Each structure stands twice: as structure tokens, then as C-alpha cells.
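**Q** Show me the folded form of this:
(2 chains, ligands or ions: 2)
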Amino acid sequence: MKQDIILAGVGGQGILTVAFLLDSAAVARGWRLKQAEVHGMAQRGGAVYSHLRFSDREVVSDMVPLGQADMILAVEPLEVQRYVPFLRPGGVVVANREPHKNIPDYPADQVVLDAVLALPRAVLIDAKGIAEAAGVPKAQNMAMVGAATPFLPFELEDFRPIVNAMFGAKGEKVVAANMAALEAGYRIGAACKALLDQGVGSAETARRVTAPA
Amino acid sequence: MVRRELLLGDEAVALAAIHAGISGAYGYPGTPSTELFEYIENVREQHGIYARWSANEKVAYEEALGMSFAGRRAIVSMKHVGLNVAADPFVNSGVTGVNGGLVICVADDPGMHSSQDEQDSRHYAKFALIPCLEPHDQQEAYDMTLAAFDLSEEVGLPVMVRIVTRLAHSRSDVVAGTPRPQNPLRAPLDPIQFTLLPSNARMLYSRLTDKQPALLEGSEVSHFNLLSLDGDRSRGIVTHGIAWNYVREAFGGAVPHPCVQIGRYPIPTAKLMRLVEAVPEIVVVEEGYPLIEEALRGVAGIPGKRILGKLDGTFPRTGELNPTNVAAGLGFPRPQLMSPALERVPGRPPTLCPGCGHTDAFAVIKEAMAPYGGHRLFSDIGCYTLGFYPPHGAIQSCVCMGASISMAAGAAHAGQWPVICAIGDSTFAHSGMTPLLTAARRNTDINVFILDNGTVAMTGTQETLATGEELDAIVRGLGVPPEHVRVFTPLAGRREENVRIIREEIEYKGTSVLIARRPCVQAKRRGVA
Ligand SMILES: Cc1ncc(C[n+]2csc(CCOP(=O)(O)OP(=O)(O)O)c2C)c(N)n1
Ligand code: SF4
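**A** Ligands and ions are numbered 1, 2, ... in the order given. All right, here's what the predicted structure looks like:
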């Protein structure tokens, strides 16, 4: 077993939280991992990424070679495109559908979303809607991790102890709400995966899977 | 059960330093080294370690050397260009040698992710004639740092640990050992050791050169330097540090050729020679400058052998290695890659935060300068360097810490007028005070803007050593007339007043300092400004 994931987003969106959740789940399974990340700029707003590799055997390079990533997990839809050459044939893209527009030449929303769905195995997630429905607008990254989980060698339950450790101090309700966001993301991810696995295209999959309330 | 911890390369070095029994950690922030110091700083009290930021790398290095003088162990960490600033004590500490173990960890930044150059610190270790250890992964970062302290005390020299961005900022699991107690205070045994008068220094320098054969022998027998003559002898591979990972990745784990993997310098020449004798072609895969490759090629090359590396274009001469370009250089076919589904993916460079005072400072400087035929602003290093990008287009230079003021002075000497420059509060504390002293003493006609946001913002809002009224007092103390030390708040609402203040100082013939004071919004958010 070996998974190579490119995490992508914009500085300030919290991709390191996403990395933390996945890292912790991999460690709890006893897997080896390397996770290279971009640090150092206090300012917000630049493109940021992280390479996360885990395996039941040794992980050698900290960086994923081009053409080998199993997944691009993007918390911003335009950022997906920057890393497409990393994707292996059959690799999956899980992307948040909400654009973060802090540059003058940001393309039209529909162009950005269509471009994600133009990739062979891609799913778009309404992380904001899911997080708001769960009652924690900040839990967008939980929704994204949930949506990615069906494509990864993890179960939803892998994340419960981690979410507990992260939010336990804030009370049972906060933990439950974050888990709810994770679960809602998971359901959508799983529904999309079932269709993609049948050979249904990304755009058609997106049309058929609408966010359950 | 062994405890595995997920640590950044930086943190693995830091944890090992704690376990090696350091009494002090010193440094100045700089990507990608910052997290090393911060890891120790966070636990300094529970371990009884002195760990506070210094004003610059030279100060940090000398403090660490003083700790070593007193018999105790110290680590000093910095980014690669920081060692330029600390070069004077660093090189001379090779001559003095150490008392307590002294380890300098330098984080190089091949690819210049956040630096002005990609200089390779291994050259500095060679220059100072001291050993250098170079880990290839996080576990080795831990193991080598522990070993570096023992080695330092064994050979009586500072030891460098060289890491690069991709190790410094990558996490993996590390199994840690048991902590060792700190050294007791112990005066140097040799009374002349730290007094580099020429008469002493000649003797001490000979002592340093006399140690070189033993250092080389140490490299030859070190388990950090591996020689394997197994496998297909059509070619051999020489690699080191993190480049080793990319080589193994390319070959799917095991390298099917004879190879030398270097983790300890000086370069183990006998091991290299055994490889050279065994193969007709040697591929040198190196992260940084082609230091090993140059040593191997010498002036005339090796008769009958082919050497491939950065100098003949097998691997890119600039930028960092990665598993893709290493595989290509080793001759693996390029994989078919998917293309983005957009014709043009717009870039997304970092920008000044919304609400950043630097934005308003640049706006008012530009407006004030408009009647003087536009502006050319000598600038420096910090968040405000982003003022280069549109829409600001505000700065015309960024060379090294503190250069804004000295370069402005030089331009004024040349006859340029008006001459303005901008420097952040931490950069001013780092390297701006001596050029300002020089300018004030000569009353050079420059206007120095100090952008005082109360923090070292660029590297993650660390503590600044000169801000607020203390900064104003320092500026006056350096000889700038009090009436030409002007403090203003860079806010859009105060534009008119600020433009007037700036123009008054431009018209003044002499050194003046304009302090733009407004807290960094990120530091405020974190409650540190
Ligand atoms: C010799 C050297 N040391 C450290 C750095 C890393 N570095 C760049 S700017 C900076 C400090 C910036 O602080 P300040 O001048 O206060 O500006 P701000 O970012 O707060 O605007 C640091 C630590 C460097 N580039 N060179
Ligand atoms: S981190 Fe602070 S100084 Fe840097 S851009 Fe943001 S507000 Fe400005």
C-alpha cells in the first residue's frame, strides 16, 4: 500500500490542518510517512501545497515525482490546475468548489469549475455548505477530508480519535459537529466514487450527486 | 515500545540538540531554519536551556561560541545567507576550536523558495576546515546532530549540520534516544585558545591544519559515508544528503549500481577512489553547488573515466533537485504527464495582507515623491519586499539585510537626490544600525524609512528587538538629530499630513529618519504585537 497526495490551497486556508488529519490517521495505522510542506511566509494569499506520502513500507523521497500522485486534494478549485502534472493516470481530484479570488486575473467561476470536471476522475465538494449545515462554518477542511476518505485506505472511524483530540477541550458538541461535517463529506465522496468507478465521467457524476441535506 | 514522533527535519535537529545536553540555543529567524530554534524555545524552561532570539546571526554565533568557551554545549541555527553574516566568528572559530560542543545547523535553500541565493554551506565548512554532517532524512537529522556534538568535543572543533529546505520542512517519524545531562561549567584548558593575536593564531591555525588528516580519516571510516561496489558496474553513483532519496526513488528503492553515499565531510576521498577504480562512468547527483563533482573532476578530469553531473548539464545547474529531474538525469524516460485543463493557470504570488501598514506606507511615499520626478526606493528584506509587485511597484532594491541604508548612502555620495530607503524594524536591528551610524556621522543626505510593525513578520511574527520608543531612542543615539526623527502612522486617513512630513524631510539636507509605525495584523491576530 502506498498513497501519494498533493494538498493544494491558498495561504491561510489551513491545508496544514488537512495534512495533520491525514498524517495522524496514517500514523495511527502504523504506516510510515513523509509530508513536505511550504512554510515561512507569514503573509496570506499565495499558492501553497504539501506533498503527503504514506505507505506500509519505507517512504523514500519527501517529494512526489511528477505523474505519480494518487490524489490532488485541493481546498480551492483553481489551485487544482497547478498540480495536474503530478497526477498519475487514474489519479483522483477532490476539490472544494468555492473559489478564493485574490488575484486580478482569476478566471470566471464556471470556467474554473468546468476545468476541474474536465479531468477524468474529479469531484467537486461544497465544503462551505456542508460545514454550515453541520453548524460549524469553520469545518470546511473536515468536509474535504471526509470527501477524500472513500478514495483513501481509511475509514471514517480513523478520524474520530483525532477529531476528539483536536476539539475535545471545546466540548462534546463541537466534536460531534466536526464529525458530522466529516461524515457529510464522506457520503458525497462515496457517492461520487461509486459513479466514477462505473466509468461515469466527472461532469456527469457531479450532476447526479447533489448534496444531501 | 519505542516512541515514534512525527517531526520536521528542523525539529529532529532541535530534539537531538536537547537530548545532547545543550545549555544554549541561538539564532536569528530565517526560512527554512526558523522552526529549529522555535522548537527549543518552546521547551526552554522545562529543560533549563537559554533560548532567545539574537539580533543577528553573527551575534548568535558569538554567543554560542561563548557558551562553548564556558564548557557547555550550544547549538546555533540559521538560514544559509545568515552564515554570510556570521562568517567572521564562524571561520575564526575553526582556528580557536571549541571547549563545550558547538554545532551550527545551517538550512540551505536550493531553489530559492524564500531566499536571495542558493549558496551551498558545505563550502563554508570546507573553508573553515571543520567537519560537516549532512542527513538524508529526519531520523538521520536526529542521529547526526547527536553525533555532531560528540564529534565536536572529540576533535575540538565546531561541527556543521547542513540541511536543505525539503528536509527542514518535511515531516517524518523519528525514534529518539535518551537525553544526556548538560555539561558542567568548565574553563578552557588552553589559556591562549580563544585569543587570536597573530602570534597565537599562527600556532592555532597550524593546529587546525594538523587536525585535517584525522578529520579525513574520520570521514573514511564513518558509517555516515557508505561505499557499495555491488551491482552493475557499467556506472557508479556518488550522492549525498537528500539527493540520495531521489536516486533511490528513481530506482524504486535499491540502487543497482556501485555507489558512494556521503553524509560526512571532508569528502572521503579513498572511498571515492575505490568507486572510481571500479567503474568507467560516475554520475554525481548533488543538491546544491557541484562541490563533490568539482573535487572529483579536479582540473584535468580522470583519464579514461566519464563524470556526469551538474557541470555537464546531466542535472540542472540551478534550482533544486527533485525525484523527477533526478530520474531524468539518470536516464529514465520522462513519464507521460496530464496537462492542466486551463490554457493558462494564473500565478498566485504571496501578497501583503489586507490591512497591512506597509501598503499605506508605500502609497504615501510614492505620493510624496511624485514632484521629485518619481521615486527610487532602496529597500531591504522583509514582508515589505513584496512592495516590488504590482500594484505597489514601490521598491528598486533588495540585496541583503541592512543594504538599503548603505546603498542609499552610496547613491547620495554619487550625487543622486533625493535618496530614500526603507527597512523593517527587525532588519534595522539586524544590520541597519551601523550603516545609519555611518550616514548620521557624515550627515549624508538620505531619508531612511523604518517600517516599524513591531515584529519579525516575514518569518512568522517572532519577537523584534527594537520597536516603539526604544527604536526611536536608538535612532537618536546613533546621531540623527531628534528633530529629524519623525514618527508617523501609515494610515490612508493621514495621507496629507504624512506627505507633508515626508516632503519636509526630503527638503532637509542631511540624514533623517522617518518611522512608519503600525502593528502587523498577523502579529496582532496572534497576540504578539
Ligand atoms: C542574513 C539573513 N538573515 C535572515 C533572513 C531572513 N529574513 C528575511 S527578512 C527578515 C526579517 C524581517 O523583519 P522586519 O525587517 O521587521 O520586516 P517585516 O517582515 O516585519 O515587515 C528575516 C528574518 C535573511 N534574508 N537574511
Ligand atoms: S504579515 Fe504583517 S507585515 Fe507581513 S504582510 Fe501581513 S500584515 Fe503586513
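
**Q** The closest residue to residue B:19 other than its chain neighbours: how many residues sit nearby?
**A** The shortest distance from residue B:19 to any non-neighbouring residue, by Cβ to Cβ, 6 or more residues apart in numbering or on different chains, is to residue B:179 (4.5 Å). C-beta here means a position set from N, CA and C on the backbone, and glycine is covered the same way. Neighbour count of residue B:179, defined by other Cβ atoms under 10 Å in any protein chain shown: 12.

**Q** now the lengthiest helix in chain A, how far from the centre of its chain.
**A** Ranked by number of residues, the top helix in chain A under DSSP state H is helix A:172-197. Remark: helix A:172-197 is offset 12 Å from the chain centroid, using Cα atoms, centre = their mean, to the nearest Å.

**Q** In that helix, which residues are buried?
**A** Residues of helix A:172-197 classed as buried by neighbour count (16 or more other Cβ atoms under 10 Å in any protein chain shown): A:174-175, A:177-193, A:195-196.

**Q** Tell me which residue lies nearest the centroid of chain A.
**A** Centre of chain A computed as the mean C-alpha position; nearest residue by Cα atoms, centre = their mean is residue A:73, 3.6 Å away.

**Q** Surely that one is in contact with residue A:9?
**A** No. Residue A:73 is not in contact with residue A:9 according to Cβ atoms under 8 Å; the separation is 9.0 Å.

**Q** Surely residue B:421 is in a strand?
**A** Yes. Counting by DSSP: H, G, I helix; E, B strand; the rest coil, residue B:421 is found in a strand.

**Q** Quickly note the distance from it to residue B:120.
**A** Distance from residue B:421 to residue B:120, counting by Cβ to Cβ, to the nearest Å: 30 Å.

**Q** Those two: who's more crowded?
**A** Neighbour count, other Cβ under 10 Å: between residue B:421 and residue B:120, residue B:421 has more, with 29 against 21.

**Q** quick one: the more buried one and residue B:450 touch, right?
**A** No. Taking Cβ under 8 Å as the definition, residue B:421 is not a contact partner of residue B:450, at 9.7 Å.

**Q** Now the residue of the stretch 101-250 of chain B found nearest ligand 2: phi and psi?
**A** Residue nearest to ligand 2 within the stretch 101-250 of chain B (Cβ to the nearest ligand atom): residue B:114, separated by 13.1 Å. Per-residue torsions, residue B:114: phi -150, psi 50 (degrees, to the nearest 10).

**Q** Surely it and residue B:31 touch.
**A** Yes. Residue B:114 is in contact with residue B:31 according to Cβ under 8 Å; the separation is 4.2 Å.

**Q** So the residue lying closest to residue B:20 once chain neighbours are set aside, which state does it fall into?
**A** Nearest residue to residue B:20, sequence neighbours excluded (Cβ to Cβ, 6+ apart): residue B:149, at 4.0 Å. Assigned with three-state DSSP, residue B:149 falls in the helix class.

**Q** and residue B:149, how many neighbours?
**A** 26.

**Q** show me the contacts for it.
**A** Contacts for residue B:149 were tallied using Cβ atoms under 8 Å, 6 or more residues apart in numbering or on different chains; they are B:17, B:20-22, B:73, B:101, B:103, B:159.

**Q** from those residues, which ones fall inside helices?
**A** residue B:17.

**Q** mind giving me the domain split of chain B?
**A** Per automatic domain parsing, the structural domains of chain B span B:3-210, B:226-335, B:357-526.

**Q** Please determine whether the longest one lies in contact with ligand 1.
**A** Yep, that's domain B:3-210 we're talking about. Yes. Using Cβ under 6 Å from any ligand atom, domain B:3-210 comes into contact with ligand 1 via B:28-30, B:57, B:79, B:81-82, B:85.

**Q** so how far is residue B:228 from residue B:222?
**A** Taking Cβ to Cβ, one finds residue B:222 at 15 Å from residue B:228.

**Q** same deal with residue B:395?
**A** 51 Å.

**Q** likewise residue A:119?
**A** 42 Å.

**Q** residues touching residue B:364, list them.
**A** For residue B:364, the contact set (Cβ under 8 Å, 6+ apart) comprises B:490, B:495, B:498-499, B:502.

**Q** Adding pLDDT, secondary structure and distance to residue A:138, write these out as a markdown table.
**A** Listed next are the contacts of residue B:364 as a markdown table, based on pLDDT from 0 to 100; DSSP: H, G, I helix; E, B strand; the rest coil; distance: Cβ to Cβ, whole Å:
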| residue | pLDDT | secondary structure | distance to residue A:138 |
| --- | --- | --- | --- |
| B:490 | 98 | coil | 32 |
| B:495 | 96 | helix | 37 |
| B:498 | 98 | helix | 38 |
| B:499 | 98 | helix | 42 |
| B:502 | 98 | helix | 42 |
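
**Q** Export the residues you listed as TSV, with columns for distance to residue A:105 and neighbour count.
**A** Output for those, formatted as TSV (distance: Cβ to Cβ, whole Å; neighbours: other Cβ atoms under 10 Å in any protein chain shown):
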residue	distance to residue A:105	neighbour count
B:490	28	25
B:495	29	15
B:498	32	25
B:499	32	19
B:502	33	24
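
**Q** okay, residue A:119 and residue B:228: which has more neighbours?
**A** residue A:119 (24 against 14).

**Q** Hmm, that one is touching residue A:90, no?
**A** No. Under the criterion of Cβ under 8 Å, residue A:119 makes no contact with residue A:90, lying 11.3 Å away.

**Q** pLDDT value on the residue of the stretch 101-250 of chain B closest to ligand 2, please?
**A** We note a pLDDT of 91 for residue B:114 in this prediction.

**Q** Tell me how many other residues crowd it.
**A** 18.

**Q** distance of it from residue B:342?
**A** 27 Å.

**Q** pLDDT weak spots in the chain?
**A** Using chain A. A:40-43, A:211-213 (pLDDT under 70).

**Q** meant chain B, my bad for not saying
**A** B:1-2.

**Q** Now tell me what touches the longest helix along it from outside.
**A** Criterion DSSP H: the longest helix present in chain B is helix B:198-221. For helix B:198-221, contacts defined as Cβ under 8 Å, 6+ apart pick out B:94-97, B:129, B:131, B:151, B:155-157, B:192-193, B:196, B:225, B:264-271.

**Q** are any of those residues buried, and which?
**A** B:94-97, B:129, B:131, B:151, B:155-157, B:193, B:196, B:225, B:264-268, B:271.

**Q** Tell me which entries of those lie within strands.
**A** B:264-265 (DSSP state E).

**Q** Helices of chain A, residue ranges please.
**A** For chain A, the helices defined by DSSP H occupy A:15-28, A:79-82, A:109-117, A:127-133, A:140-148, A:160-167, A:172-197, A:202-208.

**Q** Present those as JSON lines; the columns should include distance to residue B:187.
**A** As requested, these are exported to JSON lines (distance: least, Cβ to Cβ, whole Å):
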{"stretch": "helix A:15-28", "distance to residue B:187": "46"}
{"stretch": "helix A:79-82", "distance to residue B:187": "58"}
{"stretch": "helix A:109-117", "distance to residue B:187": "67"}
{"stretch": "helix A:127-133", "distance to residue B:187": "62"}
{"stretch": "helix A:140-148", "distance to residue B:187": "55"}
{"stretch": "helix A:160-167", "distance to residue B:187": "48"}
{"stretch": "helix A:172-197", "distance to residue B:187": "57"}
{"stretch": "helix A:202-208", "distance to residue B:187": "72"}
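
**Q** Return the residues of the stretch 401-529 of chain B in contact with chain A.
**A** Counting by Cβ under 8 Å from any Cβ of the partner chain, the residues of the stretch 401-529 of chain B lying close to chain A are B:457-461, B:520, B:522.
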